[in-house]
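Visitor: Predicted model follows, preceded by the sequence.
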Amino acid sequence: MRGCVRKDVRVQVPPWAHTMTEIQIENIISFIIPWLLAHGVKIVFILFGAFVLNRIAKKFIEKAVRKAVTSEGRGAEAERKREETLIKIFAGGLKLIVWTIAIVMTLPEFGINIGPILAGAGVLGLAIGFGTQHMVRDFLAGLFVILENQYRVEDYICLDSTCGTIEDITLRKTVLRDLHGTVHHIAHGSVGIVSNYTKKLGIARMDISVAYKEDIDHVMEVINQVGKKMAEESPWKEDTLTAIQASGTGPSNFADSGVEITVSGETKVGTQWGMLREFRRRIKYAFDKEGIEIPFPQRTVWMKKEGK
């Protein structure tokens, strides 16, 4: 095999090329330095001012939100999540506004006329506004839902006629799961009435019907004893705020099949349904023991004999 011989090839650069490069560098430097002194300082000042203003505004928003958010007995973690959500919304919106204004202010320093840009942005914004008005309505309604603390995740609510437990809340919609397991995605802007069954406390309330022949005073005494005993026993006493008792001093209604007595009591949030199930179980045993009849719908049929 023949060996490969490497030869170094040197390219001769003509003297005028060095001269041209030096001239170009000098021209660039002579252009950049005056531009930086005339415009660069303004750009740096604008961007630095936007940065400082954004940081100061964010600190102010954090303090204002944490001061405005009040506890409703739902736990520190729930309050922290609400605070962080509000801070993120307000701080993010303000940041977008500040940096948009700062960028627009720097454009003239690059020789860009912002007049046509602002006019075009106005027309574009109007078109987008018409096209996304329902979405904007949903976002604004969602902002007030969070700001006013109307409901939270794990609350049991009804949005108009749709009821269920909240699984997620965003600025645009609320996600509910009803008692049948069906998941509903409801836009905030479409909701007219919000009913929250787990706000601050729960109310365990039901109507108990007994036969007309029963002694009402004795029935109410049995009901109150059951409610009082249940409120003193674990684990129910931990969730009881006021014992389930008969409301008022007498029946709440005379129904077709029996006399109705309303009972109610205050419980911790979300525990009222479990409390009522246990209370019904105990009432059934107590009524059976005392011989108190729980009526059911009956119909009396009179048979007419022929010839009479």
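Guide: Noted; the coordinates are in hand.

Visitor: Check which helix or strand residue 153 maps to.
Guide: Applying DSSP states H and E as the criterion places residue 153 outside every helix and strand.

Visitor: now swap in residue 33 and tell me
Guide: Assigned by DSSP H and E, residue 33 belongs to helix 15-35.

Visitor: and what of residue 198?
Guide: Using DSSP H and E, no helix or strand contains residue 198.

Visitor: separation between it and residue 163?
Guide: Look at residue 198 and residue 163: by CB to CB, to the nearest Å, they are 12 Å apart. For the C-beta atoms, the positions are set from N, CA and C on the backbone; glycine is no exception.

Visitor: cool, and residue 156?
Guide: Using CB to CB, we find residue 156 at a distance of 7 Å from residue 163.

Visitor: Okay, now the unreliable bits of the stretch 1-150 of the chain?
Guide: Within the stretch 1-150 of the chain, the ranges that satisfy pLDDT under 70 run 1-32, 34-38, 69-79, 81, 124, 126-132.

Visitor: Quick check on residue 156 and residue 163: which one has the bigger neighbour count.
Guide: Using other CB atoms under 10 Å as the criterion, residue 156 and residue 163 rank with residue 156 on top: 21 against 15.

Visitor: Can you verify my assumption that that one contacts residue 270?
Guide: Yes - at 6.7 Å, residue 156 counts as touching residue 270 under the criterion of CB atoms under 8 Å.

Visitor: list residues touching both of those two?
Guide: Taking CB atoms under 8 Å, 6 or more residues apart in numbering as the contact rule, residue 156 and residue 270 both touch residue 198.

Visitor: hang on, the earlier thing: past the helix holding residue 33, which element shows up next along the chain?
Guide: Downstream of helix 15-35, the next assigned helix or strand under DSSP H and E is helix 41-68.

Visitor: Contacts for stretch 275-285, please.
Guide: So stretch 275-285 is in contact with 202, 204-206, 208, 223, 226-227, 229-230, 236, 239-240, 244, 263, 265, 267, 294, going by CB under 8 Å, 6+ apart.

Visitor: Please flag which of those sit within strands.
Guide: Cross-referencing these against strands under DSSP state E gives 202, 204, 205, 206, 208, 263, 265, 267.
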